[in-house]
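**Student:** Generate a structure from the sequence data that follows.
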Amino acid sequence: MRSLVNLVAVQELSFTEENYLKAIWALQQRSESGGAGASVNDIAARASTKPATVTDMLRKLSEKGLIRYEKYRPVHLTEEGTAHALGVLRKHRLWETFLHSTLGFSWDEVHEVAEQLEHIQSPKLIERLDAFLGHPRFDPHGDPIPDAGGTLAPMPSLTLAAVAVGTACRIVAVRDGDSAFLQQLEKLGLRLGANVVVEERLAYDGSLGMRVEKGKNEVWVSEKMASGVLVECGSQLAK
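**Tutor:** Residues are numbered from 1 along each chain as shown. Here you go, the predicted structure:
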């Protein structure tokens, strides 16, 4: 597979253009195949801006050959656009990992700082950072880090909210990067790698009662919170 560096070497982009490409990539991933594309309104909501502003940027990205854009139709990244998006994502998640594992930032603090660092234009720095960290496959939130060829490890799809009562699981990722959400998980001991056993589910609102780390703690979480936690259960734990 061609490296991300070779694919994106043709043109450098502004911070805003990189952010748009990353947002479009994330929206495309909402469908299983990524074939649904991203709507202007969804992009505007994700970028916290107006649809008219998004439309102007989409025209620019289309002229640069980074997206396929037609008025009133979903937006799709081209091969080069995808490479740019994955390149920014790779930098972001590597920086999050460095901030967490090396500098001691908590997992609810790393995103904002990585948003700034992800725009550094130095392929050599990023490759050395990757090597320094031991070529990690996942960031502090359990999200896969694209390798130099743009390949991502598969993500689990089972949420804690869907786990049957009596099942033992391990927390492997979170869907929500909101600081308050991550802080509450940390407070409950529901961090990445934690082992939990679901013991009870309330019929009224779907809240879950569970034991954390072999019965040391008993905690309750709402169905909404449990839906933001991804787990591996049963036979997967032996892998």
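**Student:** Okay, Glu80 and Thr16: tell me how far apart.
**Tutor:** In this structure, Glu80 and Thr16 are 17 Å apart, going by Cβ to Cβ, to the nearest Å. For glycine as for every other residue, the C-beta is placed from the backbone atoms N, C-alpha and C.
**Student:** out of these two, which sits in the busier spot?
**Tutor:** Ranked by neighbour count (other Cβ atoms under 10 Å), Glu80 and Thr16 place Glu80 first, with 17 against 13.
**Student:** Roughly how far does the more buried one sit from Trp220?
**Tutor:** 48 Å.
**Student:** Next: Leu58.
**Tutor:** Remark: distance between Leu58 and Trp220 (Cβ to Cβ) = 45 Å.
**Student:** what does Glu213 give?
**Tutor:** Using Cβ to Cβ, Glu213 is found at 16 Å from Trp220.
**Student:** Could you do Val110 as well?
**Tutor:** For Val110, the distance to Trp220 (Cβ to Cβ) stands at 27 Å.
**Student:** Looking only at neighbour counts, state which of those two leads.
**Tutor:** Between Val110 and Trp220, Val110 has the larger neighbour count (other Cβ under 10 Å), namely 26 against 13.
**Student:** In this structure the more buried one contacts Glu96, no?
**Tutor:** Yes - Val110 lies in contact with Glu96 (Cβ atoms under 8 Å); the separation is 4.2 Å.
**Student:** shared neighbours, the two?
**Tutor:** Pro140 (Cβ atoms under 8 Å, 6 or more residues apart in numbering).
**Student:** How much space separates Glu80 from Phe181?
**Tutor:** Here Glu80 is placed at a distance of 34 Å from Phe181 (Cβ to Cβ).
**Student:** what do you get for Leu190?
**Tutor:** Computed with Cβ to Cβ, the distance linking Leu190 and Phe181 is 10 Å.
**Student:** Same question for His84.
**Tutor:** From His84 across to Phe181, the span is 29 Å (Cβ to Cβ).
**Student:** Please parse the protein into its domains.
**Tutor:** The chain is divided into the following domains under automatic domain parsing: 1-152, 160-238.
**Student:** Now do the longest one, average pLDDT.
**Tutor:** Just to be clear, that refers to domain 1-152. On average, the pLDDT along domain 1-152 is 90.
**Student:** and if you look at stretch 186-200?
**Tutor:** 93.
**Student:** Can you tell me what sits against it?
**Tutor:** Contact with stretch 186-200 is made by 106-108, 140-142, 160, 163-174, 185, 208-219, 221, 229, 231, as judged by Cβ under 8 Å, 6+ apart.
**Student:** Ok, stretch 105-113 next?
**Tutor:** So stretch 105-113 is contacted by 95-96, 99-100, 140-141, 177, 179, 182-183, 186, 191-192 (Cβ under 8 Å, 6+ apart).
**Student:** returning to what we had before: between His84 and Phe181, who's got more neighbours?
**Tutor:** His84 (28 against 17).
**Student:** This structure: helices as residue ranges?
**Tutor:** Along the chain, counting by DSSP state H, helices occupy 4-8, 15-28, 40-47, 51-63, 79-101, 110-117, 123-132, 179-188, 223-227.
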